[in-house]
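# model the following, please.
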Amino acid sequence: MKRRGTKVATVALVALMATACGSSGGKKAASGTASTVSAGQPKRGGTLNVGQFSPLSTFDPAQQSINNGEFGAIYGDLMHYDLQANHYVGDLALSATPNSDDTVWTVKLRPNVTFTDGTPFNAQAVVTNFTRDMKPTSGSPAQGELNAFVKSMAMTDDLTIVFTLKVALADFQFVLADYPTSIAAPSFLSQVDAGNKTATPVGAGPFKLTTFRPNEVIILSANPGYYDGAPYLDGLKFTYVAGGPATYQSFQTGQIQFAVINDLQTEKQVLNDKVSHQGRFSDINNALLINNRPKASSGGSVMSDVRLRLAVAAAFNEDTYNQRVYQGLGEANNELFPPGSKWNSPSMKGPAYDLNKAKQLVAQVKQDTGWDGSVTFVCSNSPDSANVPLAVKSMLDPVGFNVKINNSLNIGEFITDVIVHPAYDLACWGLSLPDYDPVADLYRTYHSGSQGNFGQFSSPDMDAALEQMAKATTDSSLRAALAHFNDVWNATIPWVNIAPGQFQTIWQSNVHGITPVGGLVSFAKVWLS
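Take a look at the predicted model:
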C-alpha cells in the first residue's frame with residue numbers, strides 16, 4: 001500500500017509565521033525559481049546577510065516562538081521533507097521505520113556525530129530534549145505535537161530510539177522534521193535549566209553562534225565539524241527588519257541578501273522585478289483563533305457558545321477582507337483546502353456567507369444569556385497586520401457584536417499572551433498548514449487532548465475525525481478522512497479560516513545553493529559568487 005507523503009503540491013513556510021494574521025492570501029501558489037542546483041563551482045568564504053521577519057530573544061529550543069532559520073542552522077534537523085524527491089529524508093536521524101499499524105516507530109540516528117562542544121549527538125541527547133519539551137511547564141512549541149502522539153520513548157542502543165505512540169500515525173516523520181523539535185546539546189540545556197539564560201547554544205548543525213544581540217542581530221560562523229562537511233560560507237548574519245516593504249527595501253539596497261516576503265503588495269513587486277525567488281503556499285495561513293474555554297471557567301469566553309462561532313463564520317465576507325487587508329490583491333478564502341491545495345475538492349466548501357443567519361444567532365445568545373455583544377479581539381502590532389482588526393470589526397459589529405480591539409503587543413508578546421494568558425475572545429492567528437502532510441499539525445491543533453490546542457476546542461466528533469486522518473496510509477484514504485473533517489469543522493467552527501498564504505523566499509543573484517526543506521530552507525550548501 002502506497003504511503004502518504006510521496007507527492008508534494010505546496011508547503012508552509014513557518015508553523016507560526018502567520019500569527020500576525022496579515023500575511024498575503026491567495027488561491028494559487030506563486031511560481032518560483034529554485035536554486036538547489038547552481039551553475040558553476042561552489043566557492044568558499046563570505047557571509048550571507050539574512051533579513052529576519054521577527055526578532056529572536058532566545059536560543060532555548062523549548063522557548064522559541066518563531067523561526068527564521070537560525071535554529072536549523074545551529075541545531076540541524078533530525079529529518080526534512082525533500083521537496084524535489086517528494087518524501088522525507090534523514091539528516092541527523094538516518095531513518096524512521098514503523099511497525100505494521102504505525103503505532104511504534106524505530107528511529108536510527110546518524111553515527112559519529114558530535115555537538116560543537118565535542119559531546120556526542122546520540123539517543124540520550126534526543127530523549128533529553130524531547131522529555132524536556134514534553135513537560136507541562138516547558139512552554140515548548142513542540143510540546144503539543146510530542147504530547148499529542150508520543151506515549152513513551154525507549155533507547156535500545158546509543159543510536160536507536162523506539163517511540164510508542166498514543167495513536168496510529170502514518171507519517172510520524174513529520175514530527176521529527178517539524179522545526180520545533182530542535183535537538184540541543186544536553187550540556188547547554190543543563191546550563192539554561194540552572195538559570196544561565198545567556199549560555200551559548202550548542203548544536204550539531206552547520207553553523208554555531210558567534211554574536212547575539214537580542215531583537216537586533218545574530219551572527220553565526222561555520223561549523224567545521226558538521227557531519228556533511230563544513231559549509232561553504234564563513235557565516236550567516238540575521239538582522240531584524242519589520243514588515244515586507246522595509247525588508248524588500250533593505251534587499252534592494254544590498255543590506256540583506258536573503259529574506260522572506262509575506263505581504264501581497266511587496267510580493268507583487270518582487271515578481272515584477274524578477275528577482276531570484278521560491279514561491280510557497282500554505283493552507284489555514286490566516287485565521288481567527290477562538291477562545292473555546294467555557295465562559296464560567298478561568299480564562300473562559302462567551303465564544304464557547306457554538307452559535308457565536310457559527311455567527312462569526314457566517315459574517316465573514318471574502319471580498320470585504322480582501323479589499324481592507326490585501327488592497328484587492330489577494331483572494332481571501334475560508335475553505336480549509338482552497339484551490340492550489342493538493343487536497344482541494346469541490347465537495348469541501350467553507351461556511352456560507354449569510355448575514356441574516358449571523359444576526360439571528362447573535363440575537364439568540366443575547367436573549368438567552370443577557371450578553372451585550374462585547375468580544376475582545378487581540379492582534380500583534382506587526383505592520384503586516386495593521387488592517388486586520390478593523391476589517392474584522394467591520395464585518396462583526398453590523399451583525400450584533402461589539403468588537404474591542406487590542407493590537408499593542410509585538411509578535412513575541414502576543415504569542416505568549418494568547419497561549420499563556422488567554423484573556424481574549426478572538427485572536428489573529430495562523431497555522432501555516434504544510435500541504436504536503438497536513439495531518440500532524442491538524443491533530444495537535446484541534447484534538448481535545450493536545451496541548452497544542454491553544455483555543456481549547458473540545459469535540460468527540462472532531463477527535464474521531466482527526467484519529468481517522470492519522471490512520472490514513474494512502475492519499476485516497478486521507479482525502480476521504482479530510483472530507484469528514486471538513487464537515488465536522490463547518491458544524492462546530494473551532495477557528496474561523498480566513499485565507500491561505502503566499503510567501504516568497506528571495507535571494508540576490510550572487511547567492512547559490514538555497515535548498516528548500518519542508519517549510520524552511522537549509523543554508524548548509526549556500527555559497528556566494
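
# make it CA atoms for all contacts and neighbour counts henceforth
Noted.

# for the residue of the chain most remote from its centre, give me the pLDDT.
Within the chain, Gln367 marks the point farthest from the mean C-alpha position, 39.5 Å out by CA atoms, centre = their mean. Reported pLDDT at Gln367 in the predicted model: 97.

# likewise for Met153?
Met153 is assigned 97 on the pLDDT scale.

# that one against Val127, yeah?
Yes - taking CA atoms under 8 Å as the definition, Met153 is a contact partner of Val127 at 7.1 Å.

# can you give me the strands in the stretch 1-150 of the chain?
Along the stretch 1-150 of the chain, counting by DSSP state E, counting those that start in this stretch, strands occupy 47-52, 79-82, 87-90, 93-98, 104-109, 150-157.

# let me have those strands in JSON lines, adding distance to Ile419 and mean neighbour count as columns.
Converted to JSON lines, the strands of the stretch 1-150 of the chain look like this (distance: least, CA to CA, whole Å; neighbours: other CA atoms under 10 Å):
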{"stretch": "strand 47-52", "distance to Ile419": "23", "mean neighbour count": "24"}
{"stretch": "strand 79-82", "distance to Ile419": "27", "mean neighbour count": "24"}
{"stretch": "strand 87-90", "distance to Ile419": "30", "mean neighbour count": "20"}
{"stretch": "strand 93-98", "distance to Ile419": "31", "mean neighbour count": "19"}
{"stretch": "strand 104-109", "distance to Ile419": "30", "mean neighbour count": "22"}
{"stretch": "strand 150-157", "distance to Ile419": "22", "mean neighbour count": "15"}
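
# so which strand or helix has the residue farthest from the centre of the chain?
Using DSSP states H and E, Gln367 sits within helix 355-369.

# centre of the chain versus the helix or strand following that helix, how much separation?
Proceeding N to C from helix 355-369, the next assigned helix or strand is strand 374-380, under DSSP H and E. Mean C-alpha position of strand 374-380 versus that of the full chain (CA atoms, centre = their mean, to the nearest Å) differs by 22 Å.

# one more: stretch 186-195?
That offset, for stretch 186-195, works out to 26 Å (CA atoms, centre = their mean).

# which residues sit against it?
Stretch 186-195 is contacted from outside by Asp60, Thr119, Ala125, Thr128, Asn129, Lys197, Thr198, Ala199, Thr200, Pro201, Val202, using CA atoms under 8 Å, 6 or more residues apart in numbering.

# what do you get for stretch 356-365?
Identification of contacts with stretch 356-365 by CA under 8 Å, 6+ apart yields Arg307, Leu308, Leu310, Ala311, Val312, Ala314, Ala315, Trp371, Gly373, Val399, Gly400, Phe401.

# need phi/psi at the second one.
Backbone torsions of Leu308, given as degrees, to the nearest 10, read phi -70, psi -30.

# likewise the fifth one?
Reported as degrees, to the nearest 10, the phi and psi values for Val312 are phi -60, psi -40.

# and for the last one?
Geometry field for Phe401 lists phi and psi as phi -80, psi 160, criterion degrees, to the nearest 10.

# now the residue farthest from the centre of the chain: how far from Pro294?
Distance of Gln367 to Pro294, given as CA to CA, to the nearest Å: 18 Å.

# do the same with Val275
50 Å.

# ok, now Thr505?
On the measure of CA to CA, Thr505 and Pro294 end up 41 Å apart.

# mind giving me the packing neighbours of the longest helix along the chain?
For the chain, the helix with the greatest residue count under DSSP state H is helix 475-492. Helix 475-492 sits against helix 306-315, helix 460-471, with contacts defined as 3 or more CA pairs under 8 Å, 6 or more residues apart in numbering; DSSP states H and E.

# among the ones you listed, which is the most enclosed?
helix 306-315 (a mean of 24; mean count of other CA atoms under 10 Å).

# could you name the helices and strands sitting against that helix?
Partner elements for helix 306-315 (3+ CA pairs under 8 Å, 6+ apart): helix 355-369, helix 388-396, helix 475-492, strand 495-507.

# between the first one and helix 388-396, how big is the angle?
Looking back up the chat, that one is helix 355-369. 90 degrees (axes from the mean of the first three to the mean of the last three CA atoms, to 10 degrees).

# so for helix 355-369, what gets flagged as buried?
If you call a residue buried by 16 or more other CA atoms under 10 Å, then helix 355-369 has these buried ones: Leu355, Lys357, Ala358, Lys359, Leu361, Val362, Ala363, Val365.

# fine, thanks again, bye for now.
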